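In: Dropping the sequence and predicted coords here.
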Amino acid sequence: MTNALLDIQHLDVAADQLRHRRDNLQERAALEQALSDQRAEQDQIDKVAVVRVDVANRQRRLENEAQIVSDRADTDEAKLYGGDVKGLKELEALQHEIATLRKRQSGFEDEALEAMEEAEVLAVQIAELEAARESADQRVSALQAEIGALEAEIDAELEQVVADRSARVGEVDDALLAEYERLRPAFGAATAVQFNGSRCVGCPSIMPAMEVDRLKHLDGTDPVSCSECGRIVLR
């Protein structure tokens, strides 16, 4: 019974260590950073994409304005060279209007060209950001796979530890096991300790001589509680 309880305690410690290891894998911090990078890259892509849409809309508006003005100038030029305008003042006014329209058309076209060039720069930025995000995506996928493999490995070890513990539980008295379970949250890996003939090895203080003598003269090897620290003492 004594060895069985110590074995159970050892297995409980091993299980706690495995669970702690699973919950605190260093790869999780790396994954959080990769996910943060992934979100940051996507946020940048979204922001630049919004600007690119605005620029594209501005380019289309300017091109449409240029086309409208060009159509009006074309109509005036058709009148000018069609022979419909006879008076000199009317002719001069039409020529002035055509020149004004062509100047406006040129202005719209120049602005549209600038918008197109700006859109091209934004497209390059988006491509670069998407490449960076793809790299972050790959990093995330790799870390998730690595963490999954490590978790599976730890889970397999933990399953074996739990099975080994279950196999030993039947060897320990129910009342003793219940007392061990009650005390374990407070004492952890040193819930059940051995009496070395002069003291409780888990006790932080020196066991009084009278208590040592009492333990030495108890019949049998049944566990007792240390009067100083409250741990289970195995003799």
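Out: Great, that's in hand. Numbering: from 1, shown residues only.

In: all contacts plus neighbour counts: C-alpha atoms, from now on.
Out: Noted.

In: Please enumerate the helices of this protein.
Out: Listed in chain order, the helices of the chain (DSSP state H) span 2-23, 26-82, 88-169, 174-187, 209-216.

In: nearest to Q194, of those helices?
Out: Closest of the helices of the chain to Q194 is helix 2-23, at 9.1 Å (criterion: C-alpha to C-alpha).

In: what helices or strands is that closest one leaning on?
Out: In this structure, helix 2-23 packs against helix 88-169, strand 192-194, with contacts taken as 3 or more C-alpha pairs under 8 Å, 6 or more residues apart in numbering; DSSP states H and E.

In: Quick check: which of these is buried the most?
Out: Ranked by mean neighbour count under mean count of other C-alpha atoms under 10 Å, these are led by strand 192-194, which reaches a mean of 23.

In: next one: that strand to chain centre, how far?
Out: Using C-alpha atoms, centre = their mean, to the nearest Å, the mean C-alpha position of strand 192-194 is found 43 Å from that of the whole chain.

In: partner strands of that strand, parallel or antiparallel?
Out: When pairing is defined by DSSP bridges, strand 192-194 lines up against strand 232-234 (parallel).

In: Quick one: mean pLDDT over the partner strand.
Out: Strand 232-234 shows a mean pLDDT of 80 in the predicted model.

In: do the same with stretch 190-198
Out: Stretch 190-198 carries an average pLDDT of 74.

In: Can you pull out the residues in contact with stretch 20-30?
Out: 143, 146-147, 150-151, 154 (C-alpha atoms under 8 Å, 6 or more residues apart in numbering).

In: Stretch 147-157 too?
Out: With C-alpha under 8 Å, 6+ apart, stretch 147-157 has contacts from 18, 22, 25, 27-28.

In: circling back: of the helices of the chain, which is nearest C229?
Out: Minimum separation from C229 across the helices of the chain (C-alpha to C-alpha) falls at helix 174-187, 9.6 Å.

In: what distance separates that closest one from the middle of the whole chain?
Out: Centre to centre, stretch against its chain (C-alpha atoms, centre = their mean), the figure for helix 174-187 is 38 Å.

In: what do you get for stretch 52-71?
Out: That offset, for stretch 52-71, works out to 43 Å (C-alpha atoms, centre = their mean).

In: now swap in stretch 59-73 and tell me
Out: From the chain centre to the centre of stretch 59-73 is a distance of 49 Å (C-alpha atoms, centre = their mean).

In: if you take the average position of the chain, which residue is closest to it?
Out: E32 (3.2 Å; C-alpha atoms, centre = their mean).

In: what about that residue, distance to Q44?
Out: 18 Å (C-alpha to C-alpha, to the nearest Å).
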